[in-house]
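**Student:** Can you look at this prediction? I've put the sequence above it.
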Amino acid sequence: MISNKLKNSYLTHQKVKEKPELSTDSMSLPIEEIRKVLVPFLLNNKVLIIYGETGSGKSTQIPQILLRSDNYSNSYICCTQPRRIAAVSLALRVSNELKSEIGCLVGFSIRFEDNVSSNTRIKYCTDGILLKELSLNPVLIEYSHIIIDEAHERTLNTDILLGLSKSIMKKNKKITFIITSATIDIKKFSWFLNRCPIFTIPGKKFRVSILFIKKLNFEYLKMAIQAIIYIHKKEKLGDILVFLTGKSDIEFIENYFEKNIHKVNNQSKLRLKVLKIFSNLPVSKQSLIFKKHAINSRRCILSTNITETSLTIPSIRYVIDSGYVKSKFYDPKANSENLLIVPISKSSADQRAGRSGRVSDGKCFRLYTEYVYNNEMRKSNIPEIKRSNLLNTILILKTLGYVNVMSFDFIDKPSIFAIGKALEELFMLKALNKKGELTNSGRLMSLFPIDPKLSRVLLVSITFFVPIEIAIIIGIISNSSNLFHEKNLVSLKNETKYFNSLYGDHVTYLNIYKEWLKNNSSREWCVQNALNYLYLANSKKICKQLLFLIKKLDIKIICKGSNYTNICKSFTKGFSKNIARKAKNEYYKIIYEKTLYKLHPKSSLLGTKPNWIVFETIINISGEYLYNVSKTKPEWSEYLNRN
Ligand code: CDP
Ligand code: MG
């Protein structure tokens, strides 16, 4: 029962909308069949684990069950997600189910976007957001329940939240932690959480036939196209889900079907409709995969591993598994993080296959051999904590009072080398003093939802009187898609030269942004200049939020115009190790590792090539390049001038 208080606020504050069409009837979910047993289990344990197949109703139903049986009335029920897209899509779905507008009873909070109001009771957020919140609210006093969802994904932030949950529960006796997992490997969680109880939601699983290729072939994109055409021609009605590694794979196949759709459809009674889903796809396009489709059509959804466990698409009967995933790997020696395409684990392969057996018997077409599956794939995925840069994590642990971070109760300990690198870098950023204690500046840095290096740039820019300019630039570089439309490279070359600055890419971005504002932040102007409108609009939001946070900290801002030298100086303070000197031919030599790299082909400094540059990162696009570079001077770098 919903409490009266809640019911009242529900009626007064929520505009009740007509119930939108739902893709699945929540009453038929596996979780509903055991609701009577589950509810007392949820209410009588302070920490528990729930295991249930993907699609059984854990993420959408558990928060609602808690809401209905809740006495805490004013506290939040929080459900964390490893991915932003899942947090948003779940909040939309659950607010629909509760016939409430998003941001009222159900809200979401992700980096740079928050629509939680005073009426919100169910809050979906990323694990990173909850972790950030802990620095301000260390025992989560406003929360009655924390659901750490998708714990099997073992993201860095989820692992840290699991570690912190034990100490939070010691200090906050009212809070309940619920850990959910879609894979059976849950004993480890239970042991870690003092052998807490496990609840299993019995799944409705249909039989899945597995088909392997006979001879190994690395051209998985071509094979995926062949498999789609084969299924469309030969197999019964039912949708196809294709697991690929990323946007470029997805677009390759999408382009093929755009060109050949008539030919393909001529070979089948059904119409093929190709859809896609990946993390950076705009929300309006993501929701297309949950829409019902015409009777005579077959949907083919091209996806990253996001649909492995995070999102469940109804009606899938055929899965095509490339056998690969794009994963982040940190190299502490070079201090660089690389996105690599690697073979999946057996547990991922089984999870992917299972997606085809939710509505009826299914088939999974594996684009690798049985030998590879049996002998070459690792059993399970490597937890992110073992393959990540720990800069942000260590800063958060320091703000939470862990003087010796090695004493933190990690479910899997990261490498001492990676911890050492993070401590060294935080010291260089002046976030820690020589004793490894958090400085004032470090505390301030932890409050911004950006990488600590960028927080340092922002804080330093205040003393250089260019914080607005830097907030704009950080807004631009914090976006994860592309500012420039790739398809318009020819016009890009002509048009963007106009914005290019001799000071580097950061000032160039500022020029673009200012020109956009001068043109009333218009969409047409972006189209004319081959720029991505949504990207700039999002940058504006991020910039506003950063300036709002500075204001909240009561830091006085003085602006003295766009001093480009000061912009370059500010960047050098945050990236003082990333200094490179011009070498022979097209190359720059990175000072700390003595390796040679070229500037990114789109860099504004390609024409002038100053003697010294500061770069933000090294990216790999058929070759490694220094990305987002600005002109600098060696004397500005604290790394080069340390004694
Ligand atoms: O968390 P779990 O995988 O156990 O399931 P869930 O996310 O709660 O999904 C329950 C049902 O809701 C599934 O059938 C999904 O297809 C559906 N769903 C949806 O249609 N739209 C969403 N944004 C999320 C879930
Ligand atoms: Mg879920």
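**Tutor:** Ah, there it is. Numbers count the residues shown, from 1 in each chain. Ligands and ions are numbered 1, 2, ... in the order given.

**Student:** contacting residues around the residue of the stretch 401-550 of the chain found nearest ligand 2?
**Tutor:** Using Cβ to the ion, the point where the stretch 401-550 of the chain gets nearest to ligand 2 is Ile411, with a distance of 19.9 Å. Using the backbone N, CA and C atoms, a C-beta is placed for each residue, glycine as well. If you count contacts by Cβ atoms under 8 Å, 6 or more residues apart in numbering, Ile411 has them with Asp159, Leu162, Gly163, Lys188, Phe189, Phe192, Pro383.

**Student:** out of the residues you listed, who has the most neighbours?
**Tutor:** Neighbour tally across those (other Cβ atoms under 10 Å): the maximum, 25 neighbours, falls on Asp159.

**Student:** Check whether that one really touches Lys413, as I assumed.
**Tutor:** No: between Asp159 and Lys413 there is no contact, the gap being 10.2 Å when judged by Cβ atoms under 8 Å.

**Student:** Can you pull out the low-pLDDT segments for the stretch 101-250 of the chain?
**Tutor:** Applying pLDDT under 70 to the stretch 101-250 of the chain picks out residues 204.

**Student:** what about the host helix or strand of Ala353 and ligand 1, touching?
**Tutor:** Secondary structure assigned from DSSP states H and E places Ala353 in helix 346-354. No: figure legend: helix 346-354 not in contact with ligand 1 (Cβ under 6 Å from any ligand atom); closest approach 11.0 Å.

**Student:** on that earlier part again, just the contacts of Ile411 now: which is nearest ligand 2?
**Tutor:** When the contacts of Ile411 are compared for distance to ligand 2 (Cβ to the ion), Phe189 wins out at 15.5 Å.

**Student:** which residues are in contact with whichever strand or helix holds the closest one?
**Tutor:** When elements are assigned from DSSP H and E, Phe189 belongs to helix 187-192. Taking contacts as Cβ under 8 Å, 6+ apart, the residues outside helix 187-192 that touch it are Ile49, Ala151, Leu162, Ile179, Ser181, Cys196, Pro197, Ile198, Ile411.

**Student:** With distance to ligand 1 and secondary structure added, can I get the residues you listed in a markdown table?
**Tutor:** Formatted as a markdown table, the entries for those read as follows, by distance: Cβ to the nearest ligand atom, whole Å; DSSP: H, G, I helix; E, B strand; the rest coil:
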| residue | distance to ligand 1 | secondary structure |
| --- | --- | --- |
| Ile49 | 14 | strand |
| Ala151 | 12 | helix |
| Leu162 | 18 | helix |
| Ile179 | 13 | strand |
| Ser181 | 10 | strand |
| Cys196 | 19 | coil |
| Pro197 | 19 | coil |
| Ile198 | 15 | strand |
| Ile411 | 21 | coil |
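
**Student:** Helices of the stretch 251-400 of the chain, start to end?
**Tutor:** 283-286, 306-309, 346-354, 370-371, 391-399 (DSSP state H, counting those that start in this stretch).

**Student:** how about the ones you listed, which one is nearest ligand 2?
**Tutor:** helix 306-309 (6.7 Å).

**Student:** ok, Ile450 - contacts?
**Tutor:** Counting by Cβ under 8 Å, 6+ apart, the residues that Ile450 touches are Leu458, Ile474, Ser478, Leu546.

**Student:** try 7 Å
**Tutor:** Counting by Cβ atoms under 7 Å, 6 or more residues apart in numbering, Ile450 makes contact with Ile474, Ser478.

**Student:** same deal with the one 4 residues further on?
**Tutor:** If you count contacts by Cβ under 7 Å, 6+ apart, Leu454 has them with Ile474, Gly574.

**Student:** Remind me which helix or strand it belongs to.
**Tutor:** Judged by DSSP H and E, Leu454 forms part of helix 452-463.

**Student:** can you tell me how far the one residue in the stretch 51-200 of the chain that gets nearest to ligand 2 sits from Ile186?
**Tutor:** When you check the stretch 51-200 of the chain against ligand 2 by Cβ to the ion, the closest residue turns out to be Ser59, at 3.2 Å. Distance from Ser59 to Ile186, counting by Cβ to Cβ, to the nearest Å: 16 Å.

**Student:** ok, these two, which is more surrounded?
**Tutor:** It is Ser59, of Ser59 and Ile186, that has more neighbours when counted by other Cβ under 10 Å, with 28 against 19.

**Student:** What part of the chain, helix or strand, is modelled with the least confidence?
**Tutor:** In the chain, no helix or strand scores lower on mean pLDDT, DSSP states H and E than helix 4-13, which sits at a mean of 32.

**Student:** where does the stretch 351-500 of the chain dip in pLDDT?
**Tutor:** Within the stretch 351-500 of the chain, the ranges that satisfy pLDDT under 70 run 480-481, 486-497.

**Student:** rerun that using 80 as the cut-off
**Tutor:** For the stretch 351-500 of the chain, applying pLDDT under 80 flags the ranges 479-482, 484-498.

**Student:** re earlier: what does the helix holding Ala353 rub up against?
**Tutor:** Counting by Cβ under 7 Å, 6+ apart, the neighbours of helix 346-354 from elsewhere in the structure are 53, 183, 185, 208, 210, 243, 308-309, 319, 321, 325, 364, 366, 373, 377, 379-381.

**Student:** Please indicate which of those residues are buried?
**Tutor:** When burial is judged by neighbour count using 16 or more other Cβ atoms under 10 Å, the buried members of the contacts of helix 346-354 are 53, 183, 208, 210, 243, 308-309, 319, 321, 325, 364, 366, 373, 377, 381.

**Student:** Just give me the neighbour total for Pro282.
**Tutor:** Applying other Cβ under 10 Å, we find 10 other residues in the vicinity of Pro282.

**Student:** contacting residues for it?
**Tutor:** Pro282 makes contact with Leu534, according to Cβ under 7 Å, 6+ apart.

**Student:** so who does the residue nearest to the spatial centre of the chain touch?
**Tutor:** With distances taken as Cα atoms, centre = their mean, Arg83 lies nearest the centre of the chain, 4.5 Å away. Under the criterion of Cβ under 7 Å, 6+ apart, the neighbours of Arg83 are Ser279, Ile306, Ser310.

**Student:** Output the helix holding Leu454 as PDB - backbone C-alpha positions only.
**Tutor:** These are the backbone C-alpha positions of helix 452-463, laid out as PDB (Å, rounded to 0.1, in the frame of the first residue of the first chain):
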ATOM      1  CA  PRO A 452      40.600  15.500 -11.200                       C
ATOM      2  CA  LYS A 453      43.000  16.800 -13.900                       C
ATOM      3  CA  LEU A 454      40.200  18.900 -15.400                       C
ATOM      4  CA  SER A 455      39.100  20.000 -11.900                       C
ATOM      5  CA  ARG A 456      42.600  21.300 -11.300                       C
ATOM      6  CA  VAL A 457      42.500  23.200 -14.600                       C
ATOM      7  CA  LEU A 458      39.200  24.700 -13.600                       C
ATOM      8  CA  LEU A 459      40.400  25.700 -10.100                       C
ATOM      9  CA  VAL A 460      43.600  27.200 -11.500                       C
ATOM     10  CA  SER A 461      41.800  29.100 -14.100                       C
ATOM     11  CA  ILE A 462      40.100  31.200 -11.400                       C
ATOM     12  CA  THR A 463      43.500  32.500 -10.400                       C
END
